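> Provide a 3D model corresponding to the input given below.
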Amino acid sequence: MTYVAFIAPTSSGGTITTSFTNGNSTQNFSQSGSLDKFDSSLGTLVSATIRLTLHYQMTGTATLFGGSPPYDILLMEQCSMNATSSLSALNSIFLTTNPEIDDYVLTPIVSIDFGNSPYAFATVSSTVFVDISLNSILASLTGSGTFTVSASSISGLVLGGGDGFVSVSGTEIGGFDASITYTYT
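Predicted coordinates:
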């Protein structure tokens, strides 16, 4: 777990962030981590925001098997992630707000013919996040201990172009990180 504290010396209170980071694993992943509750000995919790982050990458190979090339093609990976929590108040927010992260990455368009088939695309990647205010559940976030935040993803690799004469294979990996920032007086 990573802790970062920012405290303004001219006022009482400050900001503290706790987070976890998961490495990439094969899509479709299911990952989780623990976040600390706010320690009330620091002061009075006045706001909290959770950040859910999806990071992923894709690489692929296209193979021409017929037709009348050249064909312009591209690969697209679409990835969606949703979250749950062991903290019931936070899980209720997740169910209500449905913080699903949807994203996609595209390769550049290339022209494939029998001279460059199979064609290996360069790796493309993306990192996206969503911030959710937790001000409605501050009492549930205060105390000792930790709570778990989990996420699962579903993804798909799509070939654009090729007129049905190109096959594609790919490798997709991704992961999930979360942080919570507490502001207190």
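
> which residue is nearest the centroid of this protein?
Centroid check for the chain by CA atoms, centre = their mean gives L54 as the closest residue, at 0.8 Å.

> which element is that one on?
Element membership for L54 (DSSP states H and E) is strand 45-64.

> how about G115, secondary structure?
Put simply, G115 is coil when judged by DSSP: H, G, I helix; E, B strand; the rest coil.

> from what I can see I109 touches I73, true?
Yes: counting by CB atoms under 8 Å, I73 is a contact partner of I109 at 7.0 Å. Where C-beta positions appear, they are placed from N, C-alpha and C, glycine not excepted.

> more crowded one of the two?
Taking other CB atoms under 10 Å, I109 and I73 do not tie; I73 has more neighbours (22 against 11).

> give me the neighbour count for the residue nearest to the more buried one when sequence neighbours are not counted.
What sits nearest to I73 in space, not counting adjacent residues and going by CB to CB, 6 or more residues apart in numbering, is G161, at 4.0 Å. Using other CB under 10 Å, G161 is surrounded by 17 other residues.

> can you check the pLDDT for G161?
Looking at G161, its pLDDT reads 95.

> contacting residues for it?
Taking CB atoms under 8 Å, 6 or more residues apart in numbering, we find G161 in contact with Y71, D72, I73, L74, I109.

> look up how far G60 lies from the third one.
I73 sits 10 Å away from G60, taking CB to CB, to the nearest Å as the criterion.

> cool, the second one as well?
In this structure, D72 and G60 are separated by 16 Å, where distance is defined by CB to CB.

> higher neighbour count, the two?
Neighbours were counted for D72 and for G60 using other CB under 10 Å; G60 has more, 22 against 12.

> check the more buried one and give its pLDDT.
Value listed for G60 in the pLDDT field: 93.

> what's the nearest residue to it if we skip its chain neighbours?
G170 (3.4 Å).

> can you tell me which helices and strands the strand or helix carrying the one you found packs against?
If you go by DSSP H and E, G170 is part of strand 166-184. On a contact count with 3 or more CB pairs under 8 Å, 6 or more residues apart in numbering; DSSP states H and E, strand 166-184 meets strand 14-21, strand 25-26, strand 30-36, strand 45-64, strand 71-85, strand 146-161.

> for this protein, give me the ranges with low pLDDT.
Applying pLDDT under 70 to the chain flags the ranges 1-11.
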